[in-house]
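K.L.:
just need the structure, nothing else, for what follows:
(chains A, B, C and D)
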There are 2 protein chains.
Amino acid sequence: MRRRAPTLEDVAREAGVSRATVSRVVNGIRNVDPEIRDLVRRAIERTGYAPNRAARSLVTRRAETVALVVSGAGDTTDAGQNAFAARVFADPFFGRVVGGVVGFLRPRSLHPVLMFAESDDARDEVLTYLRQGRADGALVVSTHAEDPLPALLAEARLPAVLFARPSRPVPLSYVDLAHRDGGRLAAEHLLGRGCRRLATICGPLDVPASQERLAGFRDALARHGHPYVPVTEGGFTLDSGVAAMSELLERHPDTDGVFAANDLMAQGACQVLRERGRRVPEDVAVVGFDDSTVAVTSRPRLTTVRQPVEEMAAEMARLLDEHILGARTEATSVVFEPELVVRESA
Amino acid sequence: MRRRAPTLEDVAREAGVSRATVSRVVNGIRNVDPEIRDLVRRAIERTGYAPNRAARSLVTRRAETVALVVSGAGDTTDAGQNAFAARVFADPFFGRVVGGVVGFLRPRSLHPVLMFAESDDARDEVLTYLRQGRADGALVVSTHAEDPLPALLAEARLPAVLFARPSRPVPLSYVDLAHRDGGRLAAEHLLGRGCRRLATICGPLDVPASQERLAGFRDALARHGHPYVPVTEGGFTLDSGVAAMSELLERHPDTDGVFAANDLMAQGACQVLRERGRRVPEDVAVVGFDDSTVAVTSRPRLTTVRQPVEEMAAEMARLLDEHILGARTEATSVVFEPELVVRESA
DNA sequence: GTGAAAGCGCTAACAT
DNA sequence: ATGTTAGCGCTTTCAC
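P.N.:
Have a look, this model is predicted:
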């Protein structure tokens, strides 16, 4: 039998002061005599007091919690939710997001609740969760374009910040990467190392980031006299990279340089290339995107366009915090610059 | 300016009934006249009412939240926490844990708060979090043996369930795998395909799971007339797998079969093997452990001992739920059976 | 600088 | 079947 947890009242009695004074000490408010402060502190120590958060939240109207939601148009199969979560974390990208978010939240005693919003019901749940005040705001990472969640959040006037610009305008703050510059970086590197017959495996074209990476790649090539470049669309997964590279190779067997819109697809491309007897990077150079862990663990190690995901995620959390505190009211965007990381594949 | 959220009181007034009745409808308690019920429901609809969770938690003494904590003796560097989270999720294992846990929690409207406990401070934070009633219990996945958290949790009599048996006994429930059987499965498969000069890359030997996998592997070999087997200890990371395989190859160049205690190390082993000119599986067969995503994404695809992580995680959540509800008071253990998955590496 | 007291919004025991 | 009421434990004016 676990007995009743000590309350402010208990500590107050123990210290011979009022509840209000104990509360002041707990919350670090100055106007408290140092001696009494220490008295109270010892009483807290002795009783093993821990403030009841529900009671505090009830009056402060703060949960000190944020929802970290991975949103997207997940599959509608029965396995559904379970599989969605696993699939999401199969991309090392999300681990980095978590790392960045936690890095910001923790020093501020804020905590992330993990939520997946891959169906209408799940999205509803997120909205309800926030409206119930269980979380003060939401950090949203969408896996698909046309994700309805951002608009729902904005409409309900709930504090939220997005990772990446939504495909259609929504009055919410977001952090993003200068994807176009990233595409350019890849093109210039490939060109610089002498590749002349380039091709690219782009991401889903309904996603702005994919479009931008592709556009940047194309523009840079065009500027260097290569007006046309073969493109195959992938889905940011290893398998789609495999499929795309196979197709590309069939259509353009003489390809000597490939830009894949993320590392997972680049890894898939390298596998196909090797199986088809092409050496990477000697015969075909491959540049990925993200600089995720697979860039280092797969062979050859990937030359890739680094996205500072942790920093971006931390900034996202910072923006949300400001929105929650009311320190920021207008939607803002913060755009980070990508960086080329040269390893073995190109 | 966001105006005050509607309360029970507002709904009651709108529907012309008492707060209690509205509460009953909201909580789905029968004793309510169907007509009044609908009346109330419409009022809820109209007002856009969402029950305030802090208020409810204050009286029910339930947060409907569980802490999902990844615990371990993380590095003590400054980068610390941030890096720990990223590193943790670099292993696809945790994504599967999250998937399994969420699969169980979600249908029950329970939510996971993600916490990392890699330092004393961080562990304290977890304890405080629970004692404040912000979460009703903890799901703990330790990355290291000698993790002090389980004992702290048990001592504070906080509901908690562990993934894997702790290295020293702690009165908490846990789920685990019959690791010994897994080691045996690997040995028999390798022997069965004709390998005669076996070696193994085991996990950290202070972790019970590592010891068991190794013991199972050794026992099975001994039973088949192989009393001695070269062992190198790894740290469950790709790099450690690379290092271990290199060492093994130096000491025993004629090795024709390797059992690595997880897939990441098996992947590293395969890479080294290939770089040294050995074909996998023709010259050296490799068996991994876990059946994580890398087993499918790395080349060759790994033959591995599958650990039903999602099911185990779901069971862990189920046990915790029972402990929280008081439906289970004694510490229990649930042990799952591993299964061999044959792919290309052996 | 400290205490008294009024709620925050909800559930649950009790009364009707 | 429905309403009344007493808290849950905390923060926060407002007096003193």
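K.L.:
for the residue nearest to A:Arg278 when sequence neighbours are not counted, the count of nearby residues, please.
P.N.:
In this structure, A:Arg278 finds its nearest non-sequential neighbour in A:Val284, 4.8 Å apart by C-beta to C-beta, 6 or more residues apart in numbering or on different chains. Quick note: C-beta positions are derived from backbone N, CA and C, even for glycine. Counted by other C-beta atoms under 10 Å in any protein chain shown, the residues lying close to A:Val284 total 27.
K.L.:
which stretches in the stretch 151-300 of chain A count as helices?
P.N.:
A:179-192, A:208-223, A:238-251, A:263-275, A:293-297 (DSSP state H, counting those that start in this stretch).
K.L.:
so what does the second one touch, helix or strand wise?
P.N.:
Using 3 or more C-beta pairs under 8 Å, 6 or more residues apart in numbering or on different chains; DSSP states H and E as the contact criterion, the elements in contact with helix A:208-223 are helix A:179-192, strand A:198-202.
K.L.:
okay, these, which one's buried deepest?
P.N.:
Most buried of these, by mean neighbour count (mean count of other C-beta atoms under 10 Å in any protein chain shown): strand A:198-202, with a mean of 27.
K.L.:
how about the contacts made by the residue nearest to A:Val258 when sequence neighbours are not counted?
P.N.:
Nearest non-adjacent residue to A:Val258, counting by C-beta to C-beta, 6+ apart: A:Val286, 4.9 Å away. Residues near A:Val286 by C-beta atoms under 8 Å, 6 or more residues apart in numbering or on different chains: A:257-260, A:266, A:269-270, A:273, A:280, A:302-303, A:345-346.
K.L.:
quick check, nearest of those residues to A:Gly235?
P.N.:
A:Ala260 (11.8 Å; C-beta to C-beta).
K.L.:
need the contact list for the closest residue to that closest one other than its chain neighbours.
P.N.:
Nearest residue to A:Ala260, sequence neighbours excluded (C-beta to C-beta, 6+ apart): A:Ala266, at 3.8 Å. Residues in contact with A:Ala266 (C-beta under 8 Å, 6+ apart) are A:Ile201, A:Gly241, A:Val258, A:Ala260, A:Val286, A:Val287, A:Gly288, A:Phe289, A:Ala295, A:Leu302, A:Thr304, A:Ser345.
K.L.:
ok and the worst-scoring helix or strand of chain A on mean pLDDT relative to helix B:80-90, angle-wise?
P.N.:
Lowest mean confidence among the helices and strands of chain A (mean pLDDT, DSSP states H and E): helix A:80-90, at a mean of 74. The directions of helix A:80-90 and helix B:80-90 differ by 120 degrees, with axes from the mean of the first three to the mean of the last three C-alpha atoms, to 10 degrees as the criterion.
K.L.:
give me the domain ranges for chain A.
P.N.:
A:8-60, A:65-177+A:309-337, A:179-306 (automatic domain parsing).
K.L.:
now do the same end-to-end measure for the last one.
P.N.:
Domain A:179-306 has an end-to-end distance of 10 Å (C-alpha to C-alpha, to the nearest Å).
K.L.:
quick revisit: going along the chain from the least confident helix or strand of chain A, find the next helix or strand for me.
P.N.:
Note on helix A:80-90: by DSSP states H and E, the next helix or strand toward the C-terminus is helix A:92-105.
K.L.:
counting by contacts, list what that next one packs against.
P.N.:
strand A:65-71, strand A:111-117, strand A:137-142, helix A:293-297, helix A:309-325, helix B:80-90, helix B:92-105, strand B:111-117.
K.L.:
and of these, who's closest to A:Asn31?
P.N.:
Using C-beta to C-beta, the helices and strands packed on helix A:92-105 put helix A:309-325 closest to A:Asn31, at 23.0 Å.
K.L.:
contacting residues around that closest one?
P.N.:
With C-beta under 8 Å, 6+ apart as the criterion, helix A:309-325 contacts A:62, A:66, A:93, A:96-101, A:103-105, A:108, A:110, A:136-139, A:159-163, A:173-177, A:290, A:328-329, A:332, A:334, A:336, B:82, B:86.
K.L.:
just want the most central residue of chain A.
P.N.:
A:Val97 (4.0 Å; C-alpha atoms, centre = their mean).
K.L.:
quick one: pLDDT of that residue?
P.N.:
Looking at A:Val97, its pLDDT is 94.
K.L.:
for stretch A:248-263, what is the average pLDDT?
P.N.:
97.
K.L.:
which positions in it come out as buried?
P.N.:
In terms of neighbour count (16 or more other C-beta atoms under 10 Å in any protein chain shown), stretch A:248-263 has its buried residues at A:Leu248, A:Leu249, A:His252, A:Thr255, A:Asp256, A:Gly257, A:Val258, A:Phe259, A:Ala260, A:Ala261, A:Asn262, A:Asp263.
K.L.:
against DNA strand D, how distant is the fifth one?
P.N.:
Just to be clear, that refers to A:Asp256. Per C-beta to the nearest atom of the strand, to the nearest Å, A:Asp256 is found 65 Å from DNA strand D.
K.L.:
neighbours of the closest residue to DNA strand D within the stretch 201-346 of chain A, just the number please.
P.N.:
Nearest residue of the stretch 201-346 of chain A to DNA strand D: A:Leu325, at 13.2 Å (C-beta to the nearest atom of the strand). Applying other C-beta under 10 Å, we find 11 residues neighbouring A:Leu325.
K.L.:
write out the residues of the stretch 1-150 of chain A neighbouring DNA strand C.
P.N.:
Counting by C-beta under 7 Å from any atom of the strand, the stretch 1-150 of chain A comes close to DNA strand C at A:16-21, A:24, A:31-33, A:35-36, A:55, A:58-59.
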